[in-house]
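# Give me a model of this one.
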Amino acid sequence: MSKKLFTLCCFILFAQPLYAQELKVVQIYEQEELLAWIKQNTHLNRVVEDKCQLVEDIEARADIVKIPAYQFLWGDMLAWGVCVDKNAELGLYYIEQAAHQGLPEGLEQLGRYYAKGILVQQDNTRAINYLREASSMGSIKARVQFAEYLANGMGSPLDFEDAYHWLHNSVIADKNLHARAQKALKLLAKKMPTRIVEKAKRPLD
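Just a heads-up that it's a prediction; the model follows:
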């Protein structure tokens, strides 16, 4: 055997195990852990940290199995070009599919996007509708935004009581979000009769 061939064989023999150690095989995410990452807004970071190894699995669970959490993840990846070619239109489609299946985080994100004109044209009516639905399903971020927008003149006064009720009864660990919630509740209370405010403070069912 020539010296060059011997060197090549040694490289193949020893380099492959080293590469295999560096590229750790990643198991598909459990739905509960994926939902936790979505709530913390770390889901895209996790896909990147895992070196984009699960792209095909994520797409299959979004497109074929139609799992809401995976539809949301796949939609966000497409919308922002994370591990795949950017396709904002298709990304929004999958986020909408997740929202239509009742994923609060999908509803909240669409509400925020329409309120701020992110990837879509600003549409306050759609924003309020999405945020109302997400709020009713327990999204803390949506509840804060919903109350803020109502306090600032968006939406209908008919929503004041529900918005106050949901937000008043929310447990908010994040200090900044908690401060925003307190401010929104104070502003909203000024727009409501005292008896309605007291009624809205009742515990959640």
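# per-residue confidence for residue 27?
You'll see residue 27 listed with a pLDDT of 89.
# Which of the three states applies to it?
coil (DSSP: H, G, I helix; E, B strand; the rest coil).
# buried set for stretch 98-116?
Residues of stretch 98-116 classed as buried by neighbour count (16 or more other CB atoms under 10 Å): 98-99, 103-115. All C-beta atoms are positioned from the backbone trio N, CA, C, and that covers glycine.
# starting at the chain centroid, how far to it?
8 Å (CA atoms, centre = their mean, to the nearest Å).
# which outside residues touch that stretch?
Stretch 98-116 has contacts (CB atoms under 8 Å, 6 or more residues apart in numbering) with 35, 38-39, 66, 68-69, 71-72, 75, 92, 95-96, 118-120, 122-124, 126-131, 133-134, 137-139, 141-142, 145-146, 149.
# Only the buried members of the residues you listed: can you turn that into a PyMOL selection?
Selection of the buried residues among those in PyMOL, burial being defined by 16+ other CB under 10 Å:
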select buried, resi 35+38+68+69+71+72+75+92+95+96+126+127+128+129+130+131+133+134+137+139+141+142+145+146+149
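# Restricted to helices, list the contacts of stretch 98-116.
Within the contacts of stretch 98-116, residues falling in helices by DSSP state H are 35, 38-39, 68-69, 71-72, 75, 92, 95-96, 124, 126-131, 133-134, 141-142, 145-146, 149.
# The residue lying closest to residue 63 once chain neighbours are set aside: how many residues sit nearby?
Once flanking residues are discounted, residue 63 sits nearest to residue 74: 7.3 Å by CB to CB, 6 or more residues apart in numbering. For residue 74, the count of nearby residues is 27 (other CB atoms under 10 Å).
# and residue 74, what does it touch?
Contacts of residue 74 (CB under 8 Å, 6+ apart): 58-59, 61-63, 91, 94.
# For it, give its distance to residue 202.
Here residue 74 is placed at a distance of 39 Å from residue 202 (CB to CB, to the nearest Å).
# Quick check: the residue lying closest to residue 148 once chain neighbours are set aside vs residue 75, distance?
Excluding its sequence neighbours, the residue lying closest to residue 148 (CB to CB, 6+ apart) is residue 184, at 4.7 Å. As for residue 184, its distance to residue 75 is 28 Å (criterion: CB to CB).
# same check, this time on residue 108
13 Å.
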